[in-house]
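Peer 1: below are the sequence and a predicted model; questions follow.
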Amino acid sequence: MTARQRQSRLTRFNRLVRLSVRQALSAVNAASTKLYRVRDGEQSMSRLDDVLSFHQTALNLRSQRQSVLASNIANADTPNYKARDMNFSAALNGALQGRAGQPLALATTASGHMAASGIAMPPSLQYRPETQSSVDGNTVDMDVERSAMAENTFQYEASLTFISGLLKSMQAAVTGQS
């Protein structure tokens with residue numbers, strides 16, 4: 001690969017990371033402002049709890065995704081290893097709706113079926129599509145893994161920064177400082 005091709009690839013990578021970070025931050029802001037809306041004609045008394053629980057859930061999922069990406073990188077030389085990742089937005093929606101970490105209800109389609117529940121499901125991991133062929137069957141592409149890890153790290157830190165700013169503003173409001 002020539003230096004010009006590497007520079008072009010790096011420029012495209014940086015553009016993609018900036019775009020995905022903007023999308024993530026706008027999604028976080030939209031979800032946060034949605035939590036501040038008036039509910040049933042009166043303001044919710046637990047807005048701070050709602051916002052903090054949203055970010056706690058997001059941070060937990062980001063941490064899980066980081067460990068999956070780290071596992072991919074650690075197995076980059078393992079023959080027949082298939083790279084995995086999670087759909088973060090689907091996992092976050094599932095967690096916010098209370099589906100993640102709770103047992104699944106099993107469908108009873110006949111009167112003779114017994115009521116039961118399934119095991120608790122963590123966020124679903126998916127196999128990442130192969131971007132370049134490998135002789136040993138390994139699907140880990142280090143460029144993809146590094147970019148996903150950088151994006152995940154940036155969004156994790158953005159959530160921490162938001163929480164820190166929120167707590168500082170709450171502390172300033174309580175102490176009467178402006």
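Peer 2: Happy to help now that I have it. Numbering: from 1, shown residues only.
Peer 1: and residue 78, how many neighbours does it have?
Peer 2: Close neighbours of residue 78, defined as other Cβ atoms under 10 Å, add up to 13. C-beta here means a position set from N, CA and C on the backbone, and glycine is covered the same way.
Peer 1: do the same with residue 156
Peer 2: Applying other Cβ under 10 Å, we find 17 residues neighbouring residue 156.
Peer 1: so which helix or strand takes in it?
Peer 2: Assigned by DSSP states H and E, residue 156 belongs to helix 142-175.
Peer 1: for that helix, packing partners?
Peer 2: helix 3-35, helix 47-74 (3 or more Cβ pairs under 8 Å, 6 or more residues apart in numbering; DSSP states H and E).
Peer 1: identify each buried residue in it, please.
Peer 2: Under the neighbour-count criterion of 16 or more other Cβ atoms under 10 Å, helix 142-175 has 144-145, 147-149, 151-152, 154-156, 158-159, 162-163 buried.
Peer 1: same check on stretch 61-75?
Peer 2: For stretch 61-75, the neighbour count (16+ other Cβ under 10 Å) marks 61, 62, 64, 65, 68, 69, 72, 75 as buried.
Peer 1: could these go into JSON lines alongside pLDDT and distance to residue 86?
Peer 2: Shown next, in JSON lines, are the buried residues of stretch 61-75 (pLDDT from 0 to 100; distance: Cβ to Cβ, whole Å):
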{"residue": "61", "pLDDT": "90", "distance to residue 86": "8"}
{"residue": "62", "pLDDT": "91", "distance to residue 86": "10"}
{"residue": "64", "pLDDT": "91", "distance to residue 86": "7"}
{"residue": "65", "pLDDT": "91", "distance to residue 86": "5"}
{"residue": "68", "pLDDT": "92", "distance to residue 86": "6"}
{"residue": "69", "pLDDT": "93", "distance to residue 86": "9"}
{"residue": "72", "pLDDT": "92", "distance to residue 86": "11"}
{"residue": "75", "pLDDT": "92", "distance to residue 86": "16"}
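Peer 1: would you verify that residue 130 is located in a helix?
Peer 2: No. Using DSSP: H, G, I helix; E, B strand; the rest coil, the assignment for residue 130 is coil, not a helix.
Peer 1: please tell me how far it sits from residue 138.
Peer 2: Residue 130 sits at a distance of 9 Å from residue 138 (criterion: Cβ to Cβ, to the nearest Å).
Peer 1: with residue 164 instead?
Peer 2: Look at residue 164 and residue 138: by Cβ to Cβ, they are 39 Å apart.
Peer 1: could you do residue 63 as well?
Peer 2: Counting by Cβ to Cβ - residue 63 and residue 138 are separated by 25 Å.
Peer 1: which SS state does residue 78 fall under?
Peer 2: At residue 78 the chain is in coil, as set by three-state DSSP.
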